[in-house]
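>>> Build the 3D model from these lines:
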Amino acid sequence: MSLYGALFSGVSGLQAQSSAMGAIADNVTNVNTSGYKSTTVNFQTLVTKQASTTKYSAGGVQSKPRQGIDVQGLLQSTSSATDISISGNGMFIVNEAGDPGTGDIYAYTRAGSFKVDKEGYLQNVSGFYMQGWPLQTYDGSTQAVTKTINDDTYMKAYQNSQGDTVYINDNIVDSTNLRPLNLKTIGGTAVASTTISMGANLPSEDDVGSTHKTDVLIYDSLGGAHNINHTWTKRASNGWDLSVVPPEGSESIVIEDQNTERNNYMSLGRLDFTSVPDSGTSMTMELGGNTYTIDFTTADSTAMHQDTITIGGTPADGNTVTLDGVTYELDTDSTVTAGNIAVTVATGANTSTVAAALASAMETQMDSARGKGSWVSVNASVISVNNTSASYANVTDGGVAGGGMTATVAANAVAATTNLDIKVSSRSLSQVMDELGEKIQSILQYEFDGVPDSPPNTWAERIAGENAVVFHNVDTSDSLTVDATGLTTAGVDAVMQTTSFDVEAVNSTINWTQSTNHAVAFNGDGTPDSFFGTDEATASDPTIQYKIAWANGAEDMDGSTSPALQVSLGNYNVADGITQFGGNYQINYISQNGAAFGNYAGLSINSEGIVTALFDNGVTRPVFQIPVATMVNPNGMESLSGNVWIETDFSGQPTVREAGSAGAGTTNQSALEASTVDLGEEFTSMITTQRAYSAAAKIISTSDEMLEELLRVKR
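Next up, the predicted model:
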């Protein structure tokens, strides 16, 4: 009957308009909910099949709610660094658990109002946790999915609880391939130096032999700061040599040139002591197949400042030499054993013989004793004698407050002697010696026998001051080991030995070689022609490198676990680095890219979803990437409490993409997406819905009245 059909049609109208009013109510109440998508209710007819052409059977109406998940909301700026919005297609991937397991639900949202919870996780206001891809430095694995950020290569990977690296498949939504962002685990950071750039002017008017020194600050992988002492020495009118001292805390430093095969220019080793060795202790060194023993004895505080150097022959009586402004005189008297020379301070002496003259005089008188082909040199800080048939032994140095210095010259030794006696005291040893005869603070130098006819390859030892032993360019490729014996006190670790003095470390694989090329050879216009004997025609890139082995636990800068230091002194034939012009020695610039240890200070998020940790030392490090999930039909997703959705058969499976790629939207930091609700539209819809509801109710009441009239007909 049509009246009953009209009655039920009115009921369907009430139901449909009630649904519409419910959607309007949700929309209005969520007008300020970030990421909320307004719901519109559309209607469709319910049609009853018409059995007659003369009678009409009423059907009704059915509501069809539709949430506009794919509608972009306005972006509103905020002051929170963890507020994130998406501009364009896609949604954040979230989970109801901070560290998801297999049973925890993954959902999707546009609500990016995240805060850091007490565990360090990023959690939004609805309690869902941000999920994404951790980033690590690329390890070269073919399994890794890589990402290039600021010319550095990273990979999507993390370490599991067993310490194994897990490589992420970046299009799978599960607890293995998506991880929560936990800011508490970022901690601090330190950046090891990998590059040094130096620009300076070496004065063209300097005499040959002039030196200039500069310290260059670098950082190791632990964030420790170290100075590398650079000494420039002029060796020719347009040629300068470079020497460096291994920084404190290192085992060795090697300078390699810019050639493809990386030839050694200079190598130096270092052994640090944390205290002055006790009297009666000794240390052995294996070098070039020989074992050298160093005995430590306490210096007599009333003794003269004494060096003993084993050589052959006798220089002339009365020869003098000036060392550091103090005049010393060679004096043979009845108290000196035959073949020995005593060097005493000439009281009140006003004249002196320069070191070169003394060397010439000594060489002339000792030719017959030591034979041709050997050489003698004397300079402002060291007397060196080479004799391939002699041994050098009993080199001692004891500290005193004043007095003279005695140099003992002995006859040739018949058998090789390998004992080196060193007197030590609490005061610094002030002798200064290296392979070029230049002064280095608190270092003693010894020349070993059997070296070529050239300036001696040397071993230098530092006993006080910084308490470091420095090995200078010993000409052998054999390994170097140091042990401690004859100890008076136990309890301190020294190279896996128990000793009475603390030896921090020693390198056992140093390649002890040296080059004869100038570090820098200049053109006539003051620009560099070559570095370490190589010009632009041989090696287009002038960058040299330092390899540093650390004794303090830091990663070695040798190209294995950590890159070697790339050192730029400028370009060939260009005045943009090291130059030789008139004027004074001047540092124009020194730069390096390392940084000391720094604590986590904040984060930044770019348009690709890259989360970069900021540290208070100025270092930045990418740690995470926020993915964006897209759906074929996002409006077909099912809504859950908390302003999140899950996929359904109607929406299709999610595709996980990098933000800003393949149609996915970009991410915006310190911005939230506003609700898509328009109050004007909602109130207008409310009015029309109310009227429609009233009209449907009127249908019911009118149909009821008509039925009442029908009943009265029977009466």
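>>> Pass me the low-pLDDT residue ranges in the stretch 201-350 of the chain, would you?
Judged against pLDDT under 70, the low-scoring parts of the stretch 201-350 of the chain cover residues 271-350.
>>> any idea whether residue 683 is helix, strand or coil?
Local secondary structure at residue 683 is given as helix here, using DSSP: H, G, I helix; E, B strand; the rest coil.
>>> Tell me the confidence at it?
At residue 683, the model reports a pLDDT of 94.
>>> Tell me how many other residues crowd it.
A count of nearby residues for residue 683, using other CB atoms under 10 Å, gives 11. Placement of C-beta: from N, CA and C, glycine included.
>>> Please report the distance of it from residue 228.
Shown here: residue 683 relative to residue 228, a distance of 74 Å by CB to CB, to the nearest Å.
>>> swap in residue 12?
To residue 228, residue 12 is 87 Å away according to CB to CB.
>>> Residue 30 too?
Separation of residue 30 from residue 228 (CB to CB): 63 Å.
>>> Which secondary structure elements does whichever helix or strand residue 692 is part of sit against?
Per DSSP states H and E: residue 692 is located in helix 679-714. The elements that helix 679-714 packs onto, with contact taken as 3 or more CB pairs under 8 Å, 6 or more residues apart in numbering; DSSP states H and E, are helix 2-29.
>>> Now the helix it packs on: buried residues?
5-17, 19-21, 23-24, 26-27 (16 or more other CB atoms under 10 Å).
>>> Can you name the next helix or strand after the host helix or strand of residue 158?
Residue 158 belongs to strand 152-159 when assigned by DSSP H and E. Sequence-wise, the next helix or strand beyond strand 152-159 is strand 165-167, with elements assigned using DSSP H and E.
>>> Go through that following strand and flag the buried ones.
So strand 165-167, judged by 16+ other CB under 10 Å, has buried residues residue 167.
>>> distance of residue 107 from residue 155?
Taken as CB to CB, the spacing of residue 107 relative to residue 155 amounts to 27 Å.
>>> of those two, who's got more company?
The neighbour count for residue 107 versus residue 155, taken as other CB under 10 Å, is higher for residue 107 (25 against 22).
>>> Please name the bridge partners of the more buried one.
With DSSP bridges applied, the residues forming beta bridges to residue 107 are residue 94.
>>> mind listing what it touches?
Going by CB atoms under 8 Å, 6 or more residues apart in numbering, residue 107 touches 93, 94, 95, 96, 128, 640, 642, 644, 645, 646.
>>> go with 7 Å
Neighbouring residues of residue 107 by CB atoms under 7 Å, 6 or more residues apart in numbering: 94, 128, 640, 644, 645, 646.
>>> Output the residues you listed in TSV; the columns should cover neighbour count, pLDDT and distance to residue 166.
Compiled in TSV, the contacts of residue 107 are given as follows (neighbours: other CB atoms under 10 Å; pLDDT from 0 to 100; distance: CB to CB, whole Å):
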residue	neighbour count	pLDDT	distance to residue 166
94	28	97	21
128	27	96	23
640	16	94	29
644	26	96	26
645	23	95	28
646	14	96	25
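>>> List just the nearest of these to residue 176.
Distances from the contacts of residue 107 to residue 176 were compared by CB to CB; the smallest belongs to residue 94, at 17.0 Å.
>>> can you list the weak-confidence ranges in the chain?
Screening the chain residue by residue with the criterion pLDDT under 70, one finds the ranges 1, 271-516, 715.
>>> List the pairing partners of the longest strand belonging to it within its sheet, with orientation.
Counting residues, the longest strand found in the chain (DSSP state E) is strand 225-236. Within its sheet, and counting by DSSP bridges, strand 225-236 is paired with strand 211-219 (antiparallel), strand 239-245 (antiparallel).
>>> Just the residues contacting the longest one, thanks.
The reference is to strand 211-219. Contacts to strand 211-219, defined as CB under 7 Å, 6+ apart, come from residues 190-193, 196, 198, 200, 202, 225-233, 438, 565, 585, 587, 590, 592, 594-596.
>>> Going by neighbour count, list what's buried in it.
By neighbour count on 16+ other CB under 10 Å, the buried set for strand 211-219 is 211, 212, 216, 218, 219.
>>> so who does residue 538 touch?
For residue 538, the contacting residues are residue 259, taking CB under 7 Å, 6+ apart as the criterion.
>>> how far away is it from residue 189?
Plainly put, residue 538 is 39 Å away from residue 189 if you go by CB to CB.
>>> Report the contact partners of the nearest residue to residue 33 once chain neighbours are set aside.
Of all residues beyond its chain neighbours, the one nearest residue 33 is residue 675 (5.3 Å), with distances taken as CB to CB, 6 or more residues apart in numbering. Shown in contact with residue 675 (CB under 7 Å, 6+ apart): 30, 31, 32, 33, 36, 38, 73.
>>> count of neighbours near the second one?
Right, the one you point to is residue 31. A count of neighbours around residue 31, defined by other CB under 10 Å, yields 15.
>>> The fifth one now?
The local packing of residue 36 (other CB under 10 Å) involves 22 other residues.
>>> The helix holding residue 692 to helix 2-29, inter-axis angle?
Angle of helix 679-714 versus helix 2-29, following axes from the mean of the first three to the mean of the last three CA atoms, to 10 degrees, is 160 degrees.
>>> Buried residues, helix 679-714. List them.
So for helix 679-714, counting by 16+ other CB under 10 Å, buried means 682, 685, 686, 689, 692, 693, 696, 699, 700, 703.
>>> one step back: nearest to residue 629, out of the contacts of residue 675: which one, please.
Sorting the contacts of residue 675 by how near they are to residue 629, with CB to CB, puts residue 73 at the top with 17.5 Å.
>>> Surely that closest one and residue 674 touch.
Yes. The criterion here is CB atoms under 7 Å, and residue 73 meets it with residue 674 at 4.7 Å.
>>> neighbour count winner among the two?
Legend: neighbour count by other CB under 10 Å for residue 73 and residue 674, higher for residue 73 (21 against 17).
>>> any idea how far residue 254 is from that one?
Taking CB to CB as the measure, residue 73 falls 60 Å from residue 254.
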